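Novice: Build me a structure from this.
(chains A, B, C, D, E and F)
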Number of protein chains: 4
Amino acid sequence: MPRPSRWDDVVAAAAKVFRERGYDGASVEDVADEVGMLKGSIYNYISTKEDLLLAVVRPPAERLLREMRDLEAADGPAGDKIRLMARSHARVIEDFLPYVAVYVQELAGRQTSDEWMAMDREYVTLAERIVEAGMEADEFRSDVRPRIVALSLIGSLNWLTRWYQPDGPESALEVADQIADLCLRGLSVRPATTG
Amino acid sequence: MPRPSRWDDVVAAAAKVFRERGYDGASVEDVADEVGMLKGSIYNYISTKEDLLLAVVRPPAERLLREMRDLEAADGPAGDKIRLMARSHARVIEDFLPYVAVYVQELAGRQTSDEWMAMDREYVTLAERIVEAGMEADEFRSDVRPRIVALSLIGSLNWLTRWYQPDGPESALEVADQIADLCLRGLSVRPATTG
Amino acid sequence: MPRPSRWDDVVAAAAKVFRERGYDGASVEDVADEVGMLKGSIYNYISTKEDLLLAVVRPPAERLLREMRDLEAADGPAGDKIRLMARSHARVIEDFLPYVAVYVQELAGRQTSDEWMAMDREYVTLAERIVEAGMEADEFRSDVRPRIVALSLIGSLNWLTRWYQPDGPESALEVADQIADLCLRGLSVRPATTG
Amino acid sequence: MPRPSRWDDVVAAAAKVFRERGYDGASVEDVADEVGMLKGSIYNYISTKEDLLLAVVRPPAERLLREMRDLEAADGPAGDKIRLMARSHARVIEDFLPYVAVYVQELAGRQTSDEWMAMDREYVTLAERIVEAGMEADEFRSDVRPRIVALSLIGSLNWLTRWYQPDGPESALEVADQIADLCLRGLSVRPATTG
DNA sequence: AATGAATGAGCCTTCATTCAT
DNA sequence: GATGAATGAAGGCTCATTCAT
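Specialist: Next up, the predicted model:
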C-alpha cells in the first residue's frame, strides 16, 4: 500500500465519516468529499473500501493490544495494572477518538474475521489474567468471575467512545482514573459497607 | 401500521439479521429470506426499512425506560435500585437479546434522531439520579462523579450484548448481579483496601 | 366483463385518478383508494389495468365518433356542421370531463394501438370532409388546407380539457360556440379586413 | 449539474423516449439504452429522473416564453404579433419537436409544480394581452373573449405536436402561417360572409 | 364482492470499482 | 495523483396481478 502525501488525510476522513455514518452506511464518496477529492481518486490510496476500515482501525487496536501485552507481562501489583490499562485506553481515545470509535462500533466483540476476533479475544484474556493474578495474590476478592470483571471494565472503557467529549469538563485521563478506581474498589478485599 | 399474522416473525427475523450484519449491512431481502418470503412481501408489513429497525428496537427500549422510571421514582435504598436496574437489563437481554443488541449497536449513545437521543439521555439521567440519591443519603461515597458511574454501569450492561451467550455457563441474571455487586462495592463508603 | 353495482364508481374513480396522475403515473391502488376499496377488490371488476383505461375512454370516444359520423352524413350547410361538431365536443366535456381529459391525454393523436389510431384518423377525416364540402360548395374559402383547418379545430377543442373549468364563468357550450364562430369566420369567403 | 461530453445525447435520448412512451411510461433504462449506456451511468449526468424531464422541457419552454415576452412588449399591430407568435411556435417545433412534444404532453396546462404553472399562465396571459390590444385598437372584433381566442390558438399550435411530421408535405412554418391566418381572419372586424 | 397477504418483475437510485486521460 | 466517465451489481421500494378465505 503506497502512502503518498495525503494518506493520513484520507484515513482521518474515513475515521470521521465511518464514525458518523457507520462503515456500511458511509460511501467511499462520502470519504472523498470529506478529503476534498473525487471518489475515483481515493483508489489511488486503497484497493478496497475495506482497506479504509482497516487503516482506521488497526493503529488504535494494535497500540492498545501492544500496551496491554506489556502491561500484563510486567511486574507489579494487579491494581496498578488495571489503572494503567484504563489510562492506556484513555490516551488512545484522547489521541484518536474517531478511530477508536470506529473500532468499537465495527469490530470489538463482534462476529467478524478470524484475525480480529483473535485480537479481541486476546485483549479480553489479558485483562482477565490481570484480574486473576490479583485474586491469586489476594489483592482482589475472589468471589466474582474474573472474566466478568474484565468484560465489565472493557465495556465501561469502550463505552467512552459513545459519550466522551474531548472538549467536555473532564479529560479522558481523569475519567479513566475514576473508572479504574471504581473497579478496583469494587474488587477490594475488605467487605465494603454501604451507608 | 397493520399487524397481520406474520408480523412478529418479520420483526424477529429483522432483529436476527440486523444483529448479524448491522442495519446498513443487511438488506430487506436478507430479512425476507429469513422469514421465507420475497422482499416485496415485506412491504405489506412496513413502508420503510427503517420501520423494521424501529419495530425491533422500540420494545426493549421502551420497556427498559419504563422500568427505570418506576425504579427511580420508587422508595428504598439506592443500592437496591442499582441492583434492580442491572436485573432489569438482564431480563430484557434474556428475553430479547437480538433486539437489544440491535438497539445498542444502532442507537444507544449514538447521534440519531431527536426522539431516540432524548430517550437515551433520559435513561442515563435516571441512572445518574439514583447514584446521586445514594450519595446524598451517604449510602455511596461522593468522590466520583455520578454521571461517570452511571455511564460506566450502563456501558458494562450494554456491553453484555457483545459477549453474553444465552447458552453459556452463567444466566444473564447472575452476570447482572455480579456487575451490580462490583459497582456497588466500588461505591461503598468505608475505604476499601487492596490486599 | 361483469358490471356489478359499483362498476360505475370504479370507472369514475379511474377517470379522476388517471386524469390527475396520468395512466402510467396512477396505480391500481390509487383507483381503489378513490373508490374506497382495497386494490385486490378492483380485480373483481377488471382483469387488467388497461381495462380501466378502456372503460374510461371508450364511452366519450365512441359517442363523439358516432355523433360526428351522423353529422357528416347529414344534409345541410358545412357551417352548421362545424357548429354542431363543436357543440358535440362541449356536451361530452360537460358530461364527462375527466373521461375526455384522459382520452385526450392518453390516446388522441398518439401512437397507440391500431384500433385507437383508426378511430382517431376517422374522426379527423370526418372533420376534414366537412371542411372540404364547405369549400366545394363555396361556403368556405379554399386557400387553406382542409386538413389543417380540421386539425386546428380539433386541437382547440381538445385543448379545452386542459383549461376548461366546469364551475367557471362560461359554460362549455358558450365556449364551443365562440370557438366554432372563430373558426367559421376564419373560413369566410369575403376577404376579411383588419382594422 | 455538470454537463460532461455526452450530456446533449442523453437529453436528446430522453426527449425521444419520453415522447414515445410518456415520462411515467419510460424507464431510465430506456433512455440509457437509447444513448447506449447502462442505466447507472445516466446518474453521472442527473440526480433524479425528473432532472431529465426538466432538461428536455426547459429549453423550448423558456425559448417560447422569452420570444413571446419580446413580442408582446414590442410595437406594431396585433395581427403581426399573432403571426409571429405562430411562427415562433413553428420554429421551436421544427428545431426541437420531441422536446416540445414532451412539454405539451407532460406540462402545458396541467396541474404540476408552481413554477411550471406560473410559466404556463404567463404564456397564456401574454397571448391574451396581444388579442386584447388588437381589440382595443379596433384591429380585431371584440365580441369574443380574448382568453378563449388565446387558448384556442395555443391549443391549435400545441396540437401540432400530435400530428405534425417534419418530413411531411408542409413545413411547420407554412402550417403555422395558415393557423395564424385562420385565427386572424376569424378575428377580422368586417363581418365575414359564408357562401 | 371484498379482504389481506403474497408474488415476481421492474423501477429509481446508490455504490464499489475500473480506467483512459 | 487526480479526474470524469463508465460499469455492473445490488438495494429499497412499487406495483400489476393472483388467490385463499
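Novice: Figure out how far stretch A:64-75 is from the centre of its chain.
Specialist: Offset of stretch A:64-75 from its chain centre (CA atoms, centre = their mean, to the nearest Å): 14 Å.
Novice: Could you tell me how many residues sit around A:Gln165?
Specialist: Here the count is done by other CB atoms under 10 Å in any protein chain shown, and A:Gln165 has 9 residues near it. Any C-beta I mention is one placed from the backbone N, CA and C, and that applies to glycine too.
Novice: which SS state does it fall under?
Specialist: Following DSSP: H, G, I helix; E, B strand; the rest coil, A:Gln165 is assigned to coil.
Novice: Dihedrals phi and psi, it?
Specialist: When read as degrees, to the nearest 10, the backbone of A:Gln165 gives phi -120, psi 120.
Novice: now do A:Pro77
Specialist: According to degrees, to the nearest 10, A:Pro77 has phi -70, psi 150.
Novice: roughly how far apart are the closest residue to it other than its chain neighbours and A:Ser152?
Specialist: Nearest non-adjacent residue to A:Pro77, counting by CB to CB, 6 or more residues apart in numbering or on different chains: A:Glu139, 5.9 Å away. Relative to A:Ser152, A:Glu139 is positioned 18 Å away (CB to CB, to the nearest Å).
Novice: mind listing the helices in chain A by residue range?
Specialist: A:7-21, A:28-35, A:39-42, A:49-73, A:78-106, A:114-136, A:146-163, A:172-186 (DSSP state H).
Novice: could I get the ones you listed as CSV with mean pLDDT and mean neighbour count?
Specialist: As requested, the helices of chain A are exported to CSV (pLDDT from 0 to 100; neighbours: other CB atoms under 10 Å in any protein chain shown):
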stretch, mean pLDDT, mean neighbour count
helix A:7-21, 97, 21
helix A:28-35, 98, 18
helix A:39-42, 96, 14
helix A:49-73, 97, 18
helix A:78-106, 97, 22
helix A:114-136, 96, 17
helix A:146-163, 97, 24
helix A:172-186, 94, 22
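Novice: Quick one: closest of those to C:Ser41.
Specialist: helix A:7-21 (43.1 Å; CB to CB).
Novice: Check whether that closest one comes near DNA strand E.
Specialist: No. Helix A:7-21 lies out of reach of DNA strand E by CB under 7 Å from any atom of the strand, never closer than 8.7 Å.
Novice: which helices and strands sit right next to that helix?
Specialist: helix A:28-35, helix A:49-73, helix A:78-106 (3 or more CB pairs under 8 Å, 6 or more residues apart in numbering or on different chains; DSSP states H and E).
Novice: Which among those is found nearest to D:Arg69?
Specialist: helix A:28-35 (40.7 Å).
Novice: is that closest one anywhere near chain B?
Specialist: No. For a cut-off given as CB under 8 Å from any CB of the partner chain, helix A:28-35 has no contacts with chain B; the smallest distance is 12.3 Å.
Novice: Residues in contact with that helix: which ones?
Specialist: A:6, A:9-10, A:13-14, A:16-17, A:21, A:38-39, A:41-42, A:49, A:52 (CB atoms under 8 Å, 6 or more residues apart in numbering or on different chains).
Novice: from those, which is closest to B:Gly168?
Specialist: A:Arg21 (33.2 Å).
Novice: just to revisit the earlier point, how about the residue nearest to A:Pro77, phi and psi?
Specialist: In terms of degrees, to the nearest 10, the main-chain angles of A:Glu139 are phi -80, psi -40.
Novice: Near it, how many other residues are there?
Specialist: As a burial measure, A:Glu139 scores 21 neighbours (other CB under 10 Å).
Novice: and the nearest residue to A:Pro98 once chain neighbours are set aside, what does it touch?
Specialist: Spatial nearest neighbour of A:Pro98, chain neighbours left out: A:Ala15 (3.9 Å); criterion: CB to CB, 6+ apart. A:Ala15 is in contact with A:56, A:96, A:98-99, A:101-102, counting by CB under 8 Å, 6+ apart.
Novice: Tell me which residues are up against stretch A:122-139.
Specialist: A:64-65, A:68-69, A:71-72, A:77-79, A:81-82, A:85, A:140-142, A:146-147, A:149-151, A:153-154, A:187, A:189, B:163, B:194-195.
Novice: related to what we said a few turns ago, need the helices of chain A in JSON lines with distance to C:Glu115, can you?
Specialist: Formatted as JSON lines, the helices of chain A follow (distance: least, CB to CB, whole Å):
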{"stretch": "helix A:7-21", "distance to C:Glu115": "55"}
{"stretch": "helix A:28-35", "distance to C:Glu115": "50"}
{"stretch": "helix A:39-42", "distance to C:Glu115": "51"}
{"stretch": "helix A:49-73", "distance to C:Glu115": "55"}
{"stretch": "helix A:78-106", "distance to C:Glu115": "61"}
{"stretch": "helix A:114-136", "distance to C:Glu115": "67"}
{"stretch": "helix A:146-163", "distance to C:Glu115": "67"}
{"stretch": "helix A:172-186", "distance to C:Glu115": "78"}
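Novice: Can you say which of those helices is nearest to C:His89?
Specialist: When those are compared by CB to CB, helix A:28-35 sits nearest C:His89, at 54.8 Å.
Novice: Is DNA strand E within reach of the closest one?
Specialist: Yes. Helix A:28-35 is in contact with DNA strand E by CB under 7 Å from any atom of the strand, via A:28-29.
Novice: Give me the domain ranges for chain A.
Specialist: A:1-47, A:56-186 (automatic domain parsing).
Novice: what sits against A:Leu53?
Specialist: By CB under 8 Å, 6+ apart, the neighbours of A:Leu53 are A:14, A:18, A:23, A:102, A:106.
Novice: Next, work out how far apart it and D:Pro59 are.
Specialist: Taken as CB to CB, the span from A:Leu53 to D:Pro59 is 46 Å.
Novice: What of A:Gln178?
Specialist: Taken as CB to CB, the span from A:Gln178 to D:Pro59 is 67 Å.
Novice: same thing with A:Arg185?
Specialist: From A:Arg185 to D:Pro59 the distance is 76 Å (CB to CB).
Novice: now A:Leu64
Specialist: Counting by CB to CB - A:Leu64 and D:Pro59 are separated by 60 Å.
Novice: for A:Ser47, same thing?
Specialist: As judged by CB to CB, A:Ser47 and D:Pro59 stand 43 Å apart.
Novice: now swap in A:Tyr45 and tell me
Specialist: 41 Å.
Novice: check contacts around the nearest residue to A:Ala101 once chain neighbours are set aside.
Specialist: Counting by CB to CB, 6+ apart, A:Ala101 lies nearest to A:Thr161, which is 4.1 Å off, once chain neighbours are set aside. A:Thr161 makes contact with A:93, A:97, A:100-101, A:104-105, according to CB under 8 Å, 6+ apart.
Novice: Next: A:Leu151.
Specialist: A:Leu151 touches A:124, B:156, B:159, B:163, counting by CB under 8 Å, 6+ apart.
Novice: hmm, back to that, do you know which of the helices of chain A lies nearest C:Asp120?
Specialist: helix A:28-35 (49.2 Å).
Novice: near chain C, which residues of chain A show up?
Specialist: Chain A comes close to chain C at no residue, as judged by CB under 8 Å from any CB.
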